[in-house]
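> Task: produce atomic coordinates for the following.
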Amino acid sequence: MAETKVLSLTAVRHDRAYRKLLTDLESYCLDFEEEELSWAEDLFYGGETTDAADQERWYPSFTDWLAFSYPTCESGLPPAALFAVQRRDSLERDLLAAWCRTRPGFYLVDEVQPDAVLLRDCVTGAVSPVTMEGAPPTPGALMMGRILPVGDGWRTGYDLSELRGLPWEAYAPVLDAELARMRRAWPEAGWDDLLRERWPLLRGLVGLSGLVVKAGKQMGTPPVPATRSRGLTAPPPGAPATWVAVAAALAEYGADGFLAFGERQNLQRLWWDAALTLQPKVVRPKPWAAGVVYAWHHWVTDEEDTRAEVGEAFGVGPSAVGPRARAVAEAVGLEFRDDRYADPLELSVRTQRALDYMAVVR
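Reported below is the predicted structural model:
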């Protein structure tokens with residue numbers, strides 16, 4: 001009898017912590033600086049309509065991604081990880097740490113039980129008992145969103161909804177193609193990385209796939225270039241000190257230029273890919289750093305920064321920028337909006353990705 005009481009009190013404590021954390025964490029996220037929130041919204045909504053009705057419709061999904069997956073500009077950590085530091089209760093800190101390790105996904109409803117719904121992860125096949133409030137989903141339905149570990153079971157995140165109309169098999173090829181593309185930038189990336197970091201892009205492509213199928217057509221997958229980044233964001237063993245100095249100059253530019261965490265990583269990967277191919281004899285690091293930035297802006301982000309403007313940021317003349325930028329671009333075979341070094345959630349990149357998919361509709 002005593003054991004039953006302890007388990008019951010533990011369950012009540014977990015339930016209270018779960019509810020309180022979701023409420024407090026949402027308030028914490030919405031108190032971020034306006035510039036950070038605006039950037040997060042741009043990345044989440046991408047090329048989709050962002051009028052008031054659309055934002056209200058997708059607000060739960062945005063809140064979920066913002067809280068648990070969005071890499072904050074300064075640290076790259078999600079808000080939930082930063083929020084955990086502020087909590088005094090050990091149970092709350094433990095829950096938040098576990099939630100930060102989750103990712104959104106696609107789930108099949110295996111069985112609806114009196115006290116839980118059994119959801120089967122479409123990628124891993126793992127089955128989780130999820131406590132859900134409101135009307136239970138339809139057995140066999142496909143759901144998308146996030147589930148959170150709480151005590152001995154699972155609860156819903158801010159967003160877990162039924163994906164009506166099409167089976168998982170209609171969307172699987174899109175995710176396969178996107179994982180292959182992610183591995184161009186991060187060769188060791190797996191399904192968890194894809195679903196955690198590129199969920200807004202995947203959500204948009206899933207919607208596009210659904211529209212194509214409902215129109216009586218089939219959406220193919222565009223070819224994925226074979227070239228890959230080495231995925232290095234830190235100096236490799238034995239890197240010359242002057243190469244490391246170039247990376248340090250790029251890091252300083254990223255901080256001063258208000259680049260987001262992911263953009264700073266992209267610059268580092270571009271430099272280390274180029275350096276390991278070119279094996280340059282670097283005498284002055286800053287001209288090389290300027291060349292990397294100009295190549296990145298000119299080919300990848302499609303920004304109109306001139307060689308003089310980029311050179312000024314590093315204290316070098318424009319004549320030192322151009323040759324090094326060309327050397328970097330040629331070394332890695334830099335492509336327009338190259339998805340090895342571009343932010344896949346940025347508007348122009350996502351728009352181009354959607355156009356690439358539409359080009360292979362049959």
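> for stretch 29-48, what is the average pLDDT?
Stretch 29-48 comes out with an average pLDDT of 86.
> Enumerate every residue touching the residue nearest to residue 263 when sequence neighbours are not counted.
Of all residues not flanking residue 263 in the chain, residue 343 sits nearest, at 6.2 Å (C-beta to C-beta, 6 or more residues apart in numbering). Every residue, glycine included, has its C-beta placed from N, CA and C. Taking C-beta atoms under 8 Å, 6 or more residues apart in numbering, we find residue 343 in contact with 43, 260, 262, 263, 266, 349.
> is it true that residue 146 lies in a strand?
Yes: per DSSP: H, G, I helix; E, B strand; the rest coil, residue 146 lies within a strand segment.
> how far away is the most centrally placed residue in the chain from residue 159?
Residue closest to the mean C-alpha point of the chain, counted by C-alpha atoms, centre = their mean, is residue 197 at 2.1 Å. Using C-beta to C-beta, to the nearest Å, residue 197 is found at 17 Å from residue 159.
> Then residue 254?
For residue 254 relative to residue 159 (C-beta to C-beta), the value is 31 Å.
> can you map out the strands along the stretch 1-150 of the chain?
In the stretch 1-150 of the chain, the strands defined using DSSP state E, counting those that start in this stretch lie at 105-112, 117-121, 127-131, 142-150.
> What are the contacting residues of whichever helix or strand comes after the last one?
The helix or strand immediately downstream of strand 142-150 is strand 153-162, counting by DSSP states H and E. By C-beta under 8 Å, 6+ apart, the residues outside strand 153-162 that reach it are 18, 22, 26, 60-61, 63-64, 67-68, 99, 102, 104, 107, 116, 119, 128-133, 137-138, 141-148.
> Please identify the buried residues of whichever helix or strand comes after strand 153-162?
Downstream of strand 153-162, the first helix or strand assigned by DSSP H and E is helix 172-185. The neighbour-count check on helix 172-185 (16 or more other C-beta atoms under 10 Å) flags 174, 175, 177, 178, 179, 181, 182, 183, 184, 185 as buried.
> doesn't residue 193 make contact with the fourth one?
Right, the one you point to is residue 178. No: contact criterion C-beta atoms under 8 Å: residue 178 and residue 193 do not qualify, at 11.0 Å.
> CA-only coordinates of stretch 155-162 in CSV, if you can.
Output of stretch 155-162 as CSV, limited to C-alpha atoms (Å, rounded to 0.1, in the frame of the first residue of the first chain):
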residue,chain,number,x,y,z
ARG,A,155,3.6,13.5,-22.8
THR,A,156,2.9,15.8,-25.8
GLY,A,157,5.1,18.8,-26.5
TYR,A,158,3.6,22.1,-27.5
ASP,A,159,2.5,20.6,-30.8
LEU,A,160,1.5,17.0,-31.8
SER,A,161,-1.2,16.9,-34.5
GLU,A,162,-2.7,14.4,-36.9
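> quick one: buried residues of that stretch?
155, 156, 157, 158, 159, 160.
> quick one: which two of these are the most distant?
Within these, 155 and 159 form the most distant pair, 12.5 Å apart (C-beta to C-beta).
> Quick check: beta-bridge partners of residue 127?
Here residue 127 sits in beta bridges with residue 120, going by DSSP bridges.
> That one contacts residue 118, correct?
Yes: using C-beta under 8 Å, residue 127 makes contact with residue 118 at a distance of 5.5 Å.
> Not including adjacent chain positions, what is the nearest residue to the residue nearest to the centre of the chain?
Residue 197 sits nearest to residue 69 (C-beta to C-beta, 6+ apart), 6.8 Å away.
> just residue 83 next, same as before
Nearest one to residue 83, counting by C-beta to C-beta, 6+ apart, is residue 28 at 5.0 Å.
> Mind giving me the PyMOL command for buried ones among the contacts of strand 153-162?
Typed into PyMOL, the next command selects the buried ones out of these (criterion: 16+ other C-beta under 10 Å):
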select buried, resi 18+22+26+60+61+63+64+67+68+99+102+104+107+116+119+128+129+130+131+132+137+141+142+143+144+145+146+147+148
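> mind giving me the domain ranges of the chain?
The record's domain parsing of the chain by automatic domain parsing lists 1-100, 102-164, 168-225+342-358, 241-332.
> sorry, back to before: what's the closest of the strands of the stretch 1-150 of the chain to residue 78?
Going by C-beta to C-beta, the one of these nearest residue 78 is strand 142-150, 12.1 Å.
> The closest one versus strand 105-112: what angle between them?
90 degrees (axes from the mean of the first three to the mean of the last three C-alpha atoms, to 10 degrees).
> can you list contacts of strand 142-150?
Taking C-beta under 8 Å, 6+ apart as the rule, strand 142-150 contacts 14-15, 17-18, 61, 64, 68, 95, 98-99, 102-109, 119, 122, 128, 130-131, 137, 154-163, 166-168, 203, 206.
> Report the contact partners of residue 311.
290, 317, 318, 320, 321.
> Ramachandran coordinates for the residue lying closest to the second one once chain neighbours are set aside?
The one in question is residue 317. Nearest non-adjacent residue to residue 317, counting by C-beta to C-beta, 6+ apart: residue 311, 5.6 Å away. Per-residue torsions, residue 311: phi -60, psi -40 (degrees, to the nearest 10).
> Please enumerate the helices of the stretch 201-350 of the chain.
241-256, 261-278, 285-295, 307-314, 318-332, 347-358 (DSSP state H, counting those that start in this stretch).
> so of those, which one's packed in deepest?
Sort these by mean neighbour count, taking mean count of other C-beta atoms under 10 Å, and helix 285-295 sits at the top with a mean of 27.
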